[in-house]
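Visitor: Okay, here's the prediction I keep looking at, along with the sequence it came from:
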Amino acid sequence: MATVNYYLSRYVKKDDQRGEIQLRFSGNRNFVKRAGTGIHITAGNWDAERGMPKARKSTKFGTDNDEIRDRLLLLTSYLIRCWEETSEGDLKDNSLTIWLNDIEWQTEKEDSILGGKRVVVNRWSLTTKTQKAQEDAAKKREMAKLENHYFVDAFGFFMDEQYNNGVIVAERKKSYNTCMGLWDRMEKYHDKRYKIKTVTTDALYDFKNYILNECDLWEFRKEKNEKTEVMEEKWLPKRRFEEIYNGYDYVKDRGVHRRSLNYVANEFKYIRAFWNWIMKVQKCRVEDIFENFNRDQSVYGTPYFFSREDTHKLFKADFSSRPALGVQRDIFVFQSLVGCRIGDLTRLKKSNVINGEYLQYIAGKTRNRSGRLVTVPLHPIAKTILDRYKDMDDDRLLPFISDKNYNEAIKDFFKIVPSLDRIVTILDPVTRLEKQVKLSEVASSHMGRRNFCGNLYEAGFRDADIVSMSGHSEGSRAIARYRKVSDQQKQRMIKKL
C-alpha cells in the first residue's frame, strides 16, 4: 500500500524560523518520490518523530497547528487516492508533481470554542483544478438551460449559491426561503408552474395579489384536539385549499393573516434580487419584468419607544411573581441599552464583552458589505444585568429563549407594569391609516432597538454618531425610521416663531 511521510525542510528562515513541510511518497519500490507541500510551519512547532505538527500550538504567523494537521491528512488521502486510481501504464516519472500541481485548496472561516474561548478557525477542503474545471463546465451547461428551469427551482439554486458564497447570512436565507414558499403556493393556487422564460410582469401582479389575499384561503372551523380529544375552533386552511399547504407545516402552525403593503415590498425585494441575478449574472435571455411593474415602497410611520425613565422603571419593577418573565425583562432592557438587532442579540457570547466595559460584535446584516466592528460602551444597568447571569454554564451572554416566546414575553411585561401600557398612535400596516393601540398589542423585540436609537435622537446626537453603535451601515437611510421630534422640542420650536 502507498505511504506518505512528512518531514521539515532543512532550510529554515532565520527571521521567523519557518520552514516548508516536505513529503516522501512511496507507491512501490519503483516509485519513491519527494516533493514540497507548499505548507509552512514554525520549526519549534514541528514534531520530527511523528512527522506531524505538535498538538495545541500556534505558529508565529497565526496558523493553528490543528489546521496544518488537517491539511496534511487531506493531502495524504488525496495522494493515496491518486495512486490507486492511476493504472501502471499511465504512471509517469513526474506523476507526483502532476498530482500536486492539480491541487486546489479551499478554506472557510468558522466560529469554534477551544479551551472555553471563542475563536475563528479555518476549515480546509481539497479539490483539484481538473475537478473544478469539470464542475465549472457542468455548471455552464446547466446555466445554458436555466431559462428552461422552473422558477422555484432556479430560485432555490440562487438562494443556496448566495448563502454558500457568503453573500447572505442565515437570517436572510430564511427570508428568501419564505419568499420562495409564497411563490410556490401561488403557483399551486393558480395551478400553473412558471418557467424562467415564461415569467412576465403579469406574474408579479399575481404574486402581489396572492400575498395580500392568501388569508382568504383560511377559515375558523372546529377540529378535534388530538391530545384532549375536545373539539376546538382553529384558524385553518379551507378544506379545498389544504393541498396547497402540503410541506408547509410551519405556515399551518402560525396561520396566515392579513398582510401589509410593507410585507409585500419586502418580498418583492427578494424577487428583484433573484431576477437581477438571472439577467446580469447568469445572462439569461429574459425580459426585465420589473421595468413596467409598480413596486410598493415600505412606509413605517412615526416610531414609538420607551423614554429613558420608562426603561429604568421597567428595570426596577417587581417581577418576583413571575421570575421567568423577569429574566426576559432583563434581556429587553439590555437590548434597549445596546441597540442590537434580535438576530445579533441571540448569538452574542461572553467573549463579546471586552474588559467588562464594552460590547463588541459584527452586525450580521452588514457583515458581508462592510464587516465593520460595532462597539457599544456598556451602560451601568447593562453591566448589572450581565453580572446577574455571569455564572451560566454555557458561553451564552444571556439566557435567551426563542424569538416568538421573547416577543410574547415583551407583551406580558405590561401586565406586570400596567402604568407603562400607554396608548400610542401608529400607522396601521394594512390600511396605512392611523390608529390608537396599547403598547401591549404592538410591542416586540424590535422595540428594544427603537428604544436605543430613539432616545439617542432625542438627546440630540447625529445619525453618524448613532450608526456607530446601532450596527447600521454608514450612510444608511434606514436609521431615519427611528427619528422622532418630541412634543417638548416642538414647543421650543414654536416659541422661536
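Guide: Received, thanks.
Visitor: May I ask you to confirm that Asp393 belongs to a strand?
Guide: No. Going by DSSP: H, G, I helix; E, B strand; the rest coil, the assignment for Asp393 is coil, not a strand.
Visitor: list the contacts for it?
Guide: Residues counted as contacts of Asp393 (Cβ atoms under 8 Å, 6 or more residues apart in numbering): none. All C-beta spots, glycine's among them, are computed from the backbone N, C-alpha and C.
Visitor: Quick check: phi and psi at it.
Guide: phi -70, psi -40 (degrees, to the nearest 10).
Visitor: List the residues that contact Phe452.
Guide: Shown in contact with Phe452 (Cβ under 8 Å, 6+ apart): Gln335, Ser336, Leu337, Val338, Gly339, Met469, Ser470.
Visitor: Pick the one among the residues you listed closest to Val374.
Guide: Nearest to Val374 among the contacts of Phe452 is Met469, at 6.5 Å by Cβ to Cβ.
Visitor: Please save the CA atoms from stretch 348-357 in CSV.
Guide: Extracted C-alpha coordinates of stretch 348-357, given in CSV (Å, rounded to 0.1, in the frame of the first residue of the first chain):
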residue,chain,number,x,y,z
LEU,A,348,-23.8,37.0,21.5
LYS,A,349,-21.3,35.2,23.7
LYS,A,350,-19.5,36.2,26.9
SER,A,351,-16.4,36.8,24.8
ASN,A,352,-18.2,39.7,23.0
VAL,A,353,-17.8,41.7,26.2
ILE,A,354,-14.4,43.4,26.3
ASN,A,355,-12.9,44.1,29.8
GLY,A,356,-16.3,44.3,31.3
GLU,A,357,-16.8,47.8,29.7
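Visitor: Give me the distance between it and the centre of its chain.
Guide: Chain-centre distance of stretch 348-357: 21 Å, with Cα atoms, centre = their mean, to the nearest Å.
Visitor: for it, which positions count as buried?
Guide: For stretch 348-357, burial by neighbour count (16 or more other Cβ atoms under 10 Å) applies to Leu348, Lys350, Asn352, Val353.
Visitor: now it: mean pLDDT?
Guide: Across stretch 348-357, pLDDT averages out at 89.
Visitor: what sits up against it?
Guide: Stretch 348-357 is contacted from outside by 117-118, 340, 359-361, 375, 377-378, 383, 386, 390, 395-398, using Cβ under 8 Å, 6+ apart.
Visitor: all strands for the stretch 201-350 of the chain, in order.
Guide: With DSSP state E, counting those that start in this stretch as the criterion, the stretch 201-350 of the chain has strands at 218-224, 231-237.
Visitor: Mind pulling the model confidence for Ser486?
Guide: At Ser486, pLDDT is 60.
Visitor: same question, Asn209
Guide: With respect to pLDDT, Asn209 has a value of 95.
Visitor: of all the strands of the stretch 201-350 of the chain, which lies closest to Tyr7?
Guide: With Cβ to Cβ, the closest approach to Tyr7 among the strands of the stretch 201-350 of the chain belongs to strand 231-237: 67.3 Å.
Visitor: Buried ones in the closest one, by neighbour count?
Guide: Within strand 231-237, the residues that qualify as buried are Leu236, Pro237, counting by 16+ other Cβ under 10 Å.
Visitor: and that strand, what does it pack onto?
Guide: strand 218-224 (3 or more Cβ pairs under 8 Å, 6 or more residues apart in numbering; DSSP states H and E).
Visitor: again, only using 10 Å
Guide: Packing partners of strand 231-237 (3 or more Cβ pairs under 10 Å, 6 or more residues apart in numbering; DSSP states H and E): strand 218-224, helix 249-254.
Visitor: Any chance of CSV for the ones you listed, columns distance to Glu49, mean neighbour count and mean pLDDT?
Guide: Output for these, formatted as CSV (distance: least, Cβ to Cβ, whole Å; neighbours: other Cβ atoms under 10 Å; pLDDT from 0 to 100):
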stretch, distance to Glu49, mean neighbour count, mean pLDDT
strand 218-224, 70, 12, 89
helix 249-254, 55, 11, 89
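Visitor: among these, which is nearest Gln17?
Guide: Taking Cβ to Cβ, helix 249-254 is the member of the helices and strands packed on strand 231-237 nearest to Gln17, at 55.4 Å.
Visitor: For the closest one, which outside residues touch it?
Guide: 177-178, 181-182, 185, 214, 218, 234-237, 242, 244-246, 404 (Cβ atoms under 10 Å, 6 or more residues apart in numbering).
Visitor: Work out the gap between stretch 163-173 and the centre of the chain.
Guide: 6 Å.
Visitor: Now do the buried residues in that stretch.
Guide: For stretch 163-173, burial by neighbour count (16+ other Cβ under 10 Å) applies to Tyr163, Ile168, Val169, Arg172, Lys173.
Visitor: sorry, back to before: could you export the helices and strands packed on strand 231-237 to a markdown table, including columns for distance to Ile423?
Guide: A markdown table is the format used below for the helices and strands packed on strand 231-237 (distance: least, Cβ to Cβ, whole Å):
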| stretch | distance to Ile423 |
| --- | --- |
| strand 218-224 | 29 |
| helix 249-254 | 27 |
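Visitor: closest to Pro53 out of those?
Guide: Evaluated with Cβ to Cβ, the helices and strands packed on strand 231-237 place helix 249-254 nearest to Pro53, the distance being 45.5 Å.
Visitor: between the contacts of stretch 348-357, which has the most around it?
Guide: Highest neighbour count within these: Cys340, with 25 neighbours (other Cβ atoms under 10 Å).
Visitor: who's in contact with it?
Guide: Applying Cβ under 10 Å, 6+ apart, we find Cys340 in contact with 334, 346-348, 352, 359, 361, 363-364, 374, 376, 448-449, 452, 469-471.
Visitor: phi, psi of it?
Guide: When read as degrees, to the nearest 10, the backbone of Cys340 gives phi -80, psi 160.
Visitor: Could you do Arg285 as well?
Guide: Here is the backbone geometry of Arg285 (degrees, to the nearest 10): phi -90, psi 80.
Visitor: contacting residues for it?
Guide: With contacts defined as Cβ under 10 Å, 6+ apart, Arg285 is in contact with Glu147, Ile196, Lys197, Met279.
Visitor: Just the pLDDT for it.
Guide: 83.
Visitor: which residues does Lys109 bridge with?
Guide: Asn122 (DSSP bridges).
Visitor: tally of neighbours for it?
Guide: Lys109 - counted by other Cβ under 10 Å - has 10 other residues nearby.
Visitor: Quick check: end-to-end length of stretch 423-437?
Guide: One end of stretch 423-437 sits 5 Å from the other (Cα to Cα, to the nearest Å).
Visitor: could you give me the average pLDDT of that stretch?
Guide: Stretch 423-437 carries an average pLDDT of 76.
Visitor: With stretch 265-276 instead?
Guide: In this model, stretch 265-276 has an average pLDDT of 94.
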